[in-house]
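> coords please:
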Amino acid sequence: MKFRQDKKSTNPLSALGLGCMRLPRDKSETERIILTAIEGGVNFFDTAYLYPGSEAALGEVLAKHNKREAVYIATKLPAVMCKKTTDFDKFFTEQLRRLQTDYIDYYFMHNLPDYASWEHLRKLGIESWLDEKKKSGAIRQAGFSFHGTYDEFMKILDSYPWEFTMLQYNYYDENYQAGKRGLLAAAERGIPVIVMEPLLGGRLATGLSHRPVELFKRANPALTPADWALWWLWNQPEVTVVLSGMSSSEIMRKNLQSADTFRELTADELSVFRDVVEEFRKSYKINCTSCNYCLPCPKGINIPACLSVYNTSYAQGYFEGLKHYVISTGAVTSKSPTSPRTCNGCGKCEKACPQNIPIRAELKKVAKRFEPLPLRAGLAIVRRVLS
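The predicted model follows:
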């Protein structure tokens, strides 16, 4: 494992970090993932109050194997849920209990989309609260994760002596949200940058169409699409930690190997990304990363799955997408399938989406593509036969 220094604290952080949002429900596999990560040199573990079961799962494994002091724990204050000053302690105390620890190494203000959201926390007294926690040692480093525009990012960045930040950044999203400019701005201020969504919810690893995969193979057949995406990030010294949400020990081992074998990319290798992105844009219609913040839907629609299969139908062919759509919506197996046609337009999902996707409009596209009237009638007949 290669390490990069956090210039604020001088902590040596592993180039690869484990994002715990997508830990599996299987406790044994979760334990294997975490222990495999530690054995492979990973020392940065990221979780959040809002990730169901994540903090408790991480805390349980670390306590069971006496590994708390071997890692840096990063977790997040649910900023959107803070309505009064006492909420800070309420959430933080619960997080310490879940994580079975008495301090947090890296504490985020979670998902700040704009300066107004940070100003809301300031009015509640977050700065004095952070000062108190840092003085007591309960919080070692304070930072924020961000989903918004570059201008809003800069306002937040320069409004407090932050000790780290987290951005969505990958070769496809190079200029999306805070993007490359935000990365460089933070690095110029000596602020460590943690990168989230390096594989765009796995799509840069397994969701590429045939043409981008071939372009990568032609440039260097020894590297997988995931290697290319990770190496592109590690090739930039401004990136401190690349955070990957690895949902199986097998994926963990593959990413550890990628981190262990990383070397600087050549000029020819770097040039291939332009062509890959151009091809990828042709098939990737909806910029969803399957973060699941839009869930639960009041109508029971599996929104990320619906948007994902829409992209699949362009990247891998219509019938491949249709197959996944039928499975995702229960169109054949369920007595009450959750079709995007049942969307009532409440807009709850759009308010929660960090990518600012017009979900209601996109669900209409999904329904139009996968549920034309003849197909709906056919699926209804199949359901009756199977029932």
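
> So which residues of the stretch 1-150 of the chain form helices?
With DSSP state H, counting those that start in this stretch, the ranges of helices along the stretch 1-150 of the chain come out as 27-39, 54-64, 86-99, 115-123, 126-136, 150-157.

> do the same with the stretch 151-300 of the chain
So, for the stretch 151-300 of the chain - with DSSP H, counting those that start in this stretch - the helices run 179-188, 203-206, 210-219, 225-234, 249-261, 267-283.

> which residue is nearest the centroid of this structure?
When Cα atoms, centre = their mean is applied to the chain, the residue found nearest the centroid is residue 197 (4.4 Å).

> how far away is that residue from residue 237?
Here the criterion is Cβ to Cβ, to the nearest Å. By it, residue 197 lies 20 Å from residue 237. For every residue, glycine as well, the C-beta is placed using N, CA and C.

> before we move on, what about residue 329?
45 Å.

> picking that back up, now the helices of the stretch 1-150 of the chain in JSON lines, with mean neighbour count?
Supplementary listing: these in JSON lines, determined by neighbours: other Cβ atoms under 10 Å:
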{"stretch": "helix 27-39", "mean neighbour count": "19"}
{"stretch": "helix 54-64", "mean neighbour count": "20"}
{"stretch": "helix 86-99", "mean neighbour count": "16"}
{"stretch": "helix 115-123", "mean neighbour count": "16"}
{"stretch": "helix 126-136", "mean neighbour count": "15"}
{"stretch": "helix 150-157", "mean neighbour count": "19"}
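
> Quick check: which of those helices is nearest to residue 250?
For the helices of the stretch 1-150 of the chain, proximity to residue 250 was assessed by Cβ to Cβ; helix 27-39 is nearest, at 9.4 Å.

> Can you name every helix or strand that the closest one contacts?
When contacts are defined as 3 or more Cβ pairs under 8 Å, 6 or more residues apart in numbering; DSSP states H and E, helix 27-39 packs onto strand 16-19, helix 54-64, helix 249-261.

> Pass me the low-pLDDT residue ranges in the chain, would you?
Applying pLDDT under 70 to the chain flags residues 316, 327-328, 330-337, 373-387.

> run the last query once more with 80
Scanning the chain for pLDDT under 80 picks out 176, 281-284, 289-290, 312, 315-317, 320, 323-324, 326-338, 372-387.

> domain assignment for it?
The domain map for the chain lists 3-282, 303-386, with the assignment taken from automatic domain parsing.

> Tell me which of those is the most buried.
Comparing these by mean neighbour count (mean count of other Cβ atoms under 10 Å), domain 3-282 ranks first with a mean of 19.

> what about it, start to end distance?
By Cα to Cα, to the nearest Å, the extent of domain 3-282 from end to end equals 36 Å.

> Same question for stretch 68-86.
Start-to-end, stretch 68-86 (Cα to Cα) is 28 Å.

> hmm, back to that, please name whichever of the helices of the stretch 151-300 of the chain is nearest to residue 347.
helix 203-206 (25.4 Å).

> Show me what that closest one is packed against.
helix 225-234.

> how many degrees apart are the helix it packs on and helix 179-188 in direction?
50 degrees (axes from the mean of the first three to the mean of the last three Cα atoms, to 10 degrees).

> orientation of helix 225-234 relative to helix 249-261 in degrees?
Put simply, helix 225-234 runs at 50 degrees to helix 249-261, going by the same axes, to 10 degrees.

> From the contact counts, what lies against helix 225-234?
Under the contact rule (3+ Cβ pairs under 8 Å, 6+ apart), helix 225-234 is packed against helix 203-206, helix 210-219, strand 241-244, helix 249-261, helix 267-283.
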